[in-house]
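Colleague: no FASTA, just this:
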């Protein structure tokens, strides 16, 4: 099996290195990742300048672009062979709820949505993850991903991926299939004046999770709930964002106005 690994934290990030080491027993692992951190780039592709993939080690490439660029290049001509699976991560920090709209980790996985097997986005959730204080957490998460893939990935409809969040805890409680939760409005931006007297702004932190039970899903919890209680969260995500529940009603309303 040929496995492509990408991320948004950069090619030298501890999460991607741990993931590559853990997955090598499953087949050929090729790492193609941004040369530096590209968090928050979602599914952005670079269209205004050329991309420059540089091989920095056997089966390891750095790209001066976005996470999605890395997967797009890899699947469309950078190599003379095809990949069987795309795995993005392991991200330094959770990608829960509304985060998937902005996440470069999820964006890279979505570029692999046409694989025969569902692409996977993997994130490590915990208070110390961003500071890289828990390298053993990445190793444990990577080991979990290895076992998950080795056991056989679940069948999904075309153009779907799996968004996986692994809590950085001493002992996992198991895994839960979850739905995408919801956050409150983001924290306000903060404004400062730089040393040259110019006004600058920092985007505010993400809002808190909201209890948002879904009708008909009485036995299924949100991704926030699973991670908060020590479970790995596994959420199927689809490319088609059409709201089919209201589609016909809107069609009827606009037909009457015509």
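Modeller: Cool, got the structure. None of these values were measured; they are calculated from a predicted model. Numbering: from 1, shown residues only.
Colleague: could you list the low-pLDDT ranges of the protein?
Modeller: Residue ranges of the chain with pLDDT under 70: 128-134, 186, 204-205, 207, 258.
Colleague: what sits against the residue lying closest to residue 111 once chain neighbours are set aside?
Modeller: Leaving aside its sequence neighbours, residue 111 sits nearest to residue 71 (Cβ to Cβ, 6 or more residues apart in numbering; 3.7 Å). Just so you know, the C-beta spots here come from the backbone N, C-alpha and C atoms, and that holds for glycine as well. By Cβ atoms under 8 Å, 6 or more residues apart in numbering, residue 71 lies in contact with 4, 6, 32, 86, 88, 108-109, 111-112.
Colleague: part of a strand, is residue 71?
Modeller: No. Counting by DSSP: H, G, I helix; E, B strand; the rest coil, residue 71 is located in no strand; its state is helix.
Colleague: quick one: it and residue 95, what's the gap?
Modeller: Per Cβ to Cβ, to the nearest Å, residue 71 is found 16 Å from residue 95.
Colleague: now do residue 18
Modeller: 17 Å.
Colleague: which phi and psi values does residue 247 adopt?
Modeller: Phi and psi for residue 247, reported as degrees, to the nearest 10, are phi -60, psi -50.
Colleague: now for the longest helix along the chain, which elements pack on it?
Modeller: Using DSSP state H, we find that the single longest helix of the chain is helix 135-150. With contacts defined as 3 or more Cβ pairs under 8 Å, 6 or more residues apart in numbering; DSSP states H and E, helix 135-150 has these neighbours: helix 14-23, strand 85-92, strand 119-125, strand 160-167.
Colleague: the same query, at a cut-off of 6 Å, please.
Modeller: helix 14-23, strand 119-125 (3 or more Cβ pairs under 6 Å, 6 or more residues apart in numbering; DSSP states H and E).
Colleague: buried deepest among these, which one?
Modeller: Mean neighbour counts were compared across those using mean count of other Cβ atoms under 10 Å; the top stretch is strand 119-125, at a mean of 27.
Colleague: okay, now the sheet partners of that strand, with direction.
Modeller: Counting by DSSP bridges, the strands paired with strand 119-125 are strand 85-92 (parallel), strand 160-167 (parallel).
Colleague: could you dump these to a markdown table with mean neighbour count?
Modeller: Formatted as a markdown table, those follow (neighbours: other Cβ atoms under 10 Å):
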| stretch | mean neighbour count |
| --- | --- |
| strand 85-92 | 29 |
| strand 160-167 | 24 |
